[in-house]
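Novice: fold the following, please.
(chains A, B, C and D, ligands or ions: 4)
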Amino acid sequence: MNAADKKRVLREMLFARRFEERCYEAYVERKIGGFLHLYPGQEACAIGVMEAARPGHDYVITGYRDHIHAIKCGCDPKAVMAELYARETGCSKGRGGSMHIFDVEHHFMGGYALVGGPFPLAAGMAKAIKMKGGDEIAICFLGDAANNQGTFHETLNMASVWNLPVLFICENNLYGIGTATHRSTAVTEQYKRACSYGIESSQTDGQDIDQVYAAAKVAVDFVRSGQGPYFLELCTYRYRGHSMSDSGAYRTKEEVEEWGKRDPIVILRDRLVESGELTLDDYQAMDKEIFAEIENDIIPYAENSPEPKVEELEKYVLAENDPYVKGGVR
Amino acid sequence: MNAADKKRVLREMLFARRFEERCYEAYVERKIGGFLHLYPGQEACAIGVMEAARPGHDYVITGYRDHIHAIKCGCDPKAVMAELYARETGCSKGRGGSMHIFDVEHHFMGGYALVGGPFPLAAGMAKAIKMKGGDEIAICFLGDAANNQGTFHETLNMASVWNLPVLFICENNLYGIGTATHRSTAVTEQYKRACSYGIESSQTDGQDIDQVYAAAKVAVDFVRSGQGPYFLELCTYRYRGHSMSDSGAYRTKEEVEEWGKRDPIVILRDRLVESGELTLDDYQAMDKEIFAEIENDIIPYAENSPEPKVEELEKYVLAENDPYVKGGVR
Amino acid sequence: MAEIMYWEAIRRAHDEEMARDPLVIAMGEDIGVAGGTYKATKGLYDKYGPERVIDTPISENSFTGLGIGASFLGVRPIIELMSVNFAWLAMDQIFNSAAKVRYMSGGQLTAPVVIRSPGGTAHQLGAQHSARMEKVFMGIAGLRVVTPSSPKQAYGLLKSAVRCNDPVFINEHELMYNMKGEVPDGEYFHPLEGSEVTRQGRDVTLFGYNISVHWSMQAAEILSKQHGIEAEVVDLYSLSPLDRAGICESVSKTHRAVIVEEAEAPVGVGAEVMAIINEECFFELDAAPVRVSAKMVPTPFNHTLEKASIPNAKDVVAAVLKMISGK
Amino acid sequence: MAEIMYWEAIRRAHDEEMARDPLVIAMGEDIGVAGGTYKATKGLYDKYGPERVIDTPISENSFTGLGIGASFLGVRPIIELMSVNFAWLAMDQIFNSAAKVRYMSGGQLTAPVVIRSPGGTAHQLGAQHSARMEKVFMGIAGLRVVTPSSPKQAYGLLKSAVRCNDPVFINEHELMYNMKGEVPDGEYFHPLEGSEVTRQGRDVTLFGYNISVHWSMQAAEILSKQHGIEAEVVDLYSLSPLDRAGICESVSKTHRAVIVEEAEAPVGVGAEVMAIINEECFFELDAAPVRVSAKMVPTPFNHTLEKASIPNAKDVVAAVLKMISGK
Ligand SMILES: Cc1ncc(C[n+]2csc(CCOP(=O)(O)OP(=O)(O)O)c2C)c(N)n1
Ligand SMILES: Cc1ncc(C[n+]2csc(CCOP(=O)(O)OP(=O)(O)O)c2C)c(N)n1
Ligand SMILES: [Mg+2]
Ligand SMILES: [Mg+2]
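Specialist: Ligands and ions are numbered 1, 2, ... in the order given. Presented below is the predicted three-dimensional model:
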């Protein structure tokens, strides 16, 4: 990444942070309902990896903590916010919600709420890419605890045997809800688990976007060049609760503070300030601009968008007027 | 194993071979129906491992290829044959069949037909043993292809995290039905897959019962002494088809012949003959005795046993007269 | 009798059974240190320790299977599946192992596990967290299915389920954990089979279970006050087996039946109750029985659509009025 | 029209669709080199190669999910689950992913996969290989379920399923692969919805699907020859959605209904058809509708018990005679 890129990704990370914080507020104000899993602390992961990949071109899939992944792929933040507000203008037409952000046009293939569910879906997309001969890759972002699901094992094995162009990104934030990874997992360094499948893997600091970018570049190139799947572990931390109803009691204040010192936004900001590429004033201005965008564009768009019509409740269940359903095709 | 032990296990292996061959005949004669998965070629596995363990004391569970495991645990071969003949005197009262041999009295906890299903059941038994403070261990015998099931991954992880006294025996016979292991599996040396769980593991020749015994001794002692789970891979081969309807087209004649030269019974017999502990005449006599036992005791027992009564069709579905069902408990 | 919440009732049953029998254990995701998403095991980790109150990895099929295997040797696991939507992952062990082992072992082995899980549409949890799956559980031999509609049932059914020698699935509801109700102060074992008449009536029977009992009760009040119609409400807390005699008895009295279920209609509780009525007391009917069910859609996130996708008391009232005016 | 076997019909549909569209693939355990347990993909591995006729590891949930993911990008996978009993392992991906993705993406993404699997009680395959699971598949929104009763349907339904933009589950039967029947020589697309009157009658309607259509036809012959009763037989090849109009039409003609299903009764096809009759044409009934179903037991290994656990043509005849004499 050159200096301009770095400033851009700093802005993207800051935007991500503010966007999520604003979601939090809207939730507290009861404008948003349901489960809400936020991303603060992990921004360098999605943004760093996708910076090394081709957003809008590569196919991306993830779990329920999906807002930022979608936005980085090219999904309009207004459409994401409108989705959280359950509006017809939402990226999933208000039918999906926070856990089910979709933007197929930008190859963001969705957020899924079953832990481990996206693994095989990602490998399947990679299979399709391979059959169609494209140069896209499939990228699957999931958490550390998801790796205990059988689909992890089954999918990594198939991806390896069939040499599929799929990149698995493990955002290891040390917890699955309130269960510390070491309490649920025998081998906690997730990248080591790829050895059972003969899959190339590595681990890197998920708080430093330069490192994420560098590691992801290697991984993306490996996969795109047809050498097979790759598993990349990013060591990270979420600053908020698992979702909105989290007690937080399972983590010590010290631990949270310790990781707070490794804020991915601060790390990059300070690095840019130090190297003279940014001033703190620039940063403040950036933040203000973001604030304005969120408050003036994004939130009003969501607020003022219409809800889906109740008459359309049963739309989108099955294909409409599919010729093979009623017969008569010859 | 001393010389007497070795002669005994030779007899057990020969018995196993003849028993299974007789099942084959009975199947061809349409005395036995359903699926029938036979054990010839793999005798040293179940018998060697259980020789190192405590049959009737340790809890054993396996898949559908289960006759010999049950017999080695202490299940009466007559009751096994009667089960194959679907008789009321069968070890599962004619309700289970070849794939579902049970002898709970001898701690043979059953054959199961869902590939991968026994993994968690075995770990659960180990959990129970641990809670109850016994010195038994749980032993799970399964095939190589079963290791691609998600339950393998999920169970080995839990067994490791909770340090459960469970021994996983992988009888790697190179195929899952007609699919060669290397076509379905990224890492074909199964013992290496235990590394993802920090589980102790090893691999040994499954055709030489002395080696099986030695490796199993280490494994059993490890588990029994409370050091945690263990994964032992035995390299073996099945001489017959996967089940009775197997075409065999997926293996070369040469491969089958090559493995035929490593017959576990012949290996042990020749070793005993060479060391002067057995003559070929002894061996013939043994074989005759076995033949007589099968033809004079086992088959007639099965043939002459009654079928279950149709009026008892609905027995064994739920507990009978359970006091918590109808109410009134105080 | 103290008034406690549904979750407290479940927690109390856990606690009592665990105190009594060292082989009773609890397992599930985040049930230990965190005390459970719905607090069903709150405080038990500290009381009984990690060997008996077990935080599992996210491995639904295998931790369920592990519980089943432990039950073969006399352990009595109470397994929590955090949401019934995740139960799809564990169905293999529930049906292929737990429900069949007694039969295929000729009665030698049983799997006395309890599996508890909340189903139902709560508040905007989306398509993958709002399924109602009772109908999937109740169609297959070898498994008991109960579904408590009150704290008393939640307590008493769990107590009985732990002691019963069959595998029992307990279908709870996300929206009911904070519901209050009276629970006997002393030990109480609710029968696992049967049904309960929650309200006497003569004009129509409303069959409900779990949350739909409450919709039915509300509907019955409205029908009585506003329309002079006296509905009987029958609580089908046992879904497998269903109480054929109890169903028939009420229909023979009211001659009209409405079945209220939160799930999509096809092959559901409504269909089965209708089938039982047709088989047992068809000629008692004065009107065609009716189902009040969910729409055949995955649950929408939008709250208005979500609510429109499942029935409520008003829909029950409307169905009854239509039935009775149409007579 | 040539007479071919059911498995050949399925194989032909695979072959034609794969020849036409390079994005149609087949996947499953032992379907490639070995050609499939029931020969549904025989010879296709040699013809289309390992990238399109894929022998999968024993990983039902994930290879099903992999097929679903591929379908997101336009691939049309035909997934074989070797036995419907193993489908429990894949239900998570079938229902949580394939059946819901269109809805929760607001119509952006669809999962046009075909999942084929044989269910049913064959010959002594035991409790874990004899389940009938159609009722599990047909109760949930977002999935089509069809079940062919003849080679023609097996061919034409698979053809349509591959082309249709919805996920389709095809419920086959272990005992039917060698059944012979006429299949059109030219391409033929069977409608995925609807039902078929297989035999005209006036006295009673026998509703069957898949193998129970054949039991119903046998019963109808016996009823006609020996008892002078003319039964209409309706083949419910579409289980989700069921053909409400077709069911009602026949009942309105015969005024009597018997539903024949191989599965245990609770929350099954029988219950649902009864519910539809109750809802649509209750007052057309001259007798209480009846289900002829399996016993509520895991399938026994012993052949006599096994046969006693599921219904047959004689049971259908008996049910009809009882119904008609009881009028
Ligand atoms: C199949 C399934 N099981 C359980 C859950 C409940 N659940 C939601 S998130 C979560 C923890 C996942 O942790 P991890 O994979 O590390 O991701 P993180 O939330 O930390 O990003 C659990 C247990 C679920 N949604 N799906
Ligand atoms: C869940 C499940 N999937 C598929 C099958 C069909 N099946 C039976 S045995 C088998 C192969 C198993 O191979 P392996 O584990 O190596 O054991 P082996 O038969 O070689 O002893 C398969 C695919 C099954 N019984 N259960
Ligand atoms: Mg995590
Ligand atoms: Mg094998």
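
Novice: show me the helices in the stretch 151-300 of chain C, by range?
Specialist: All helices of the stretch 151-300 of chain C, identified by DSSP state H, counting those that start in this stretch, fall at C:151-163, C:211-227, C:244-254, C:269-281.

Novice: mean pLDDT and mean neighbour count for those - can I get that in JSON lines?
Specialist: Bear in mind the C-beta positions are built from the backbone N, C-alpha and C, glycine included. Shown next, in JSON lines, are the helices of the stretch 151-300 of chain C (pLDDT from 0 to 100; neighbours: other CB atoms under 10 Å in any protein chain shown):
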{"stretch": "helix C:151-163", "mean pLDDT": "98", "mean neighbour count": "26"}
{"stretch": "helix C:211-227", "mean pLDDT": "98", "mean neighbour count": "21"}
{"stretch": "helix C:244-254", "mean pLDDT": "98", "mean neighbour count": "19"}
{"stretch": "helix C:269-281", "mean pLDDT": "98", "mean neighbour count": "26"}
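
Novice: out of the ones you listed, which is closest to D:Phe282?
Specialist: Shortest distance between D:Phe282 and the helices of the stretch 151-300 of chain C, using CB to CB, is found for helix C:269-281: 9.7 Å.

Novice: just give me how far the closest one sits from the chain centre.
Specialist: 19 Å (CA atoms, centre = their mean, to the nearest Å).

Novice: tell me the secondary structure at the residue lying closest to A:Ala113 once chain neighbours are set aside.
Specialist: Nearest residue to A:Ala113 in three dimensions, chain neighbours excluded: C:Gln128, at 4.0 Å (CB to CB, 6 or more residues apart in numbering or on different chains). With DSSP: H, G, I helix; E, B strand; the rest coil as the basis, C:Gln128 sits in helix.

Novice: what distance separates stretch C:200-218 from the middle of the whole chain?
Specialist: Distance of stretch C:200-218 from the chain centroid (CA atoms, centre = their mean) equals 15 Å.

Novice: looking at the stretch 1-150 of chain C, which residue is nearest ligand 2?
Specialist: C:Asp92 (7.3 Å; CB to the nearest ligand atom).

Novice: any idea how far the residue lying closest to that residue once chain neighbours are set aside is from C:Trp88?
Specialist: Leaving aside its chain neighbours, C:Asp92 sits nearest to D:Trp88 (4.1 Å; criterion: CB to CB, 6+ apart). Separation of D:Trp88 from C:Trp88 (CB to CB, to the nearest Å): 8 Å.

Novice: for chain A, longest helix please?
Specialist: helix A:3-28 (DSSP state H).

Novice: run a quick neighbour tally on A:Glu29.
Specialist: 8 (other CB atoms under 10 Å in any protein chain shown).

Novice: what does C:Glu3 give?
Specialist: C:Glu3: 10 neighbours (other CB under 10 Å).

Novice: so who does C:Pro298 touch?
Specialist: Going by CB atoms under 8 Å, 6 or more residues apart in numbering or on different chains, C:Pro298 touches A:Val317, C:Ala127, D:Ala99, D:Lys100, D:Tyr103, D:Met104, D:Ala141, D:Gly142.

Novice: C:Val267 too?
Specialist: By CB under 8 Å, 6+ apart, the neighbours of C:Val267 are C:Lys135, C:Gly139, D:Lys135, D:Met138, D:Gly139, D:Val267, D:Gly268, D:Val269, D:Ala271, D:Glu272.

Novice: and the first one, how many neighbours does it have?
Specialist: Other residues near C:Lys135 number 27, with proximity taken as other CB under 10 Å.

Novice: nearest spatial neighbour of the residue in chain C that ligand 1 sits nearest to, skipping sequence neighbours?
Specialist: Across chain C, the shortest distance to ligand 1 (CB to the nearest ligand atom) belongs to C:Phe86, at 4.1 Å. Using CB to CB, 6+ apart and skipping residues adjacent in sequence, the residue nearest C:Phe86 is C:Glu60, 5.2 Å away.

Novice: roughly how far apart are the closest residue to A:Ile101 other than its chain neighbours and ligand 2?
Specialist: Here the nearest residue to A:Ile101 in space, its sequence neighbours aside, is A:Ala70; by CB to CB, 6+ apart that works out to 4.4 Å. Going from A:Ala70 to ligand 2 by CB to the nearest ligand atom, to the nearest Å gives 35 Å.

Novice: A:Ala70: which element?
Specialist: Using DSSP states H and E, A:Ala70 maps to helix A:67-73.

Novice: right, is that helix up against ligand 1?
Specialist: No. Figure legend: helix A:67-73 not in contact with ligand 1 (CB under 6 Å from any ligand atom); closest approach 11.4 Å.

Novice: tally of neighbours for whatever residue of chain C ends up closest to ligand 3?
Specialist: Closest contact between chain C and ligand 3, by CB to the ion, is at C:Ile58 (9.9 Å). Using other CB under 10 Å, C:Ile58 is surrounded by 27 other residues.
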